[in-house]
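> I'll drop the sequence and a predicted model, then ask my questions.
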Amino acid sequence: MKKSEFDFSRIDPVLEKYAHVKGSLITILQKAQEIYGYLSEEVIVYIAEKTKVKPAKIYGVVTFYTQFRLEPVGKYLIMLCQGTACHVNGSERIESAICQKLGINDGETTEDNLFTLNNVACLGCCSLSPVMMINGETYAKLTPKKAENILDKLKKEALLEGEVQ
């Protein structure tokens, strides 16, 4: 049996606080995702054991809410708005530029685990369209070239920090 890659001691304080609090499953899952970056099968099973909630129920919650991830994401999570205003103002061209630049499609992560692209229905920044958000920072009035320059800048920063080869 292989050793778990997850340090469950990191989630134990959360479980000690919330495991027996009715209606706290979403809070536990949010905190687990903050800690580990995503919700692995191992983490879900561990949470199920500690909360006495069946893993199937936890999977039901995780797959219902789009905020939860079952796969790891890159250092930079790109959320590209595909809402009406962004669509009308060229979000498809932005998506094409990002996909070509990074060699990935929507929902995929680059081989170096630096970037993950997720198309989203709306970021609520319609007057700034087209927009994307990367790790909580909003980039507005995008053009394909502007999007590529942002990605280049982030990759350069990661290289300087020694996070990419």
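Yes, it's here.

> domain boundaries for this protein, per the record?
With automatic domain parsing as the criterion, the domains of the chain are listed as 8-64, 76-160.

> please name every helix or strand in contact with the longest helix anywhere in the chain.
If you go by DSSP state H, the chain has its longest helix at helix 144-160. Contact partners of helix 144-160 among helices and strands, from 3 or more C-beta pairs under 8 Å, 6 or more residues apart in numbering; DSSP states H and E: helix 91-102, strand 132-134, strand 137-139. Using the backbone N, CA and C atoms, a C-beta is placed for each residue, glycine as well.

> nearest to Leu117, of the ones you listed?
Leu117 sits nearest to helix 91-102 of all the helices and strands packed on helix 144-160, at 5.9 Å, using C-beta to C-beta.

> ok and the closest one relative to helix 144-160, angle-wise?
With axes from the mean of the first three to the mean of the last three C-alpha atoms, to 10 degrees applied, the angle from helix 91-102 to helix 144-160 works out at 30 degrees.

> which residues does the residue nearest to Val53 when sequence neighbours are not counted contact?
Spatial nearest neighbour of Val53, chain neighbours left out: Leu25 (6.2 Å); criterion: C-beta to C-beta, 6 or more residues apart in numbering. Remark: with contacts taken as C-beta atoms under 8 Å, 6 or more residues apart in numbering, Leu25 is in contact with 51, 53, 58, 61.
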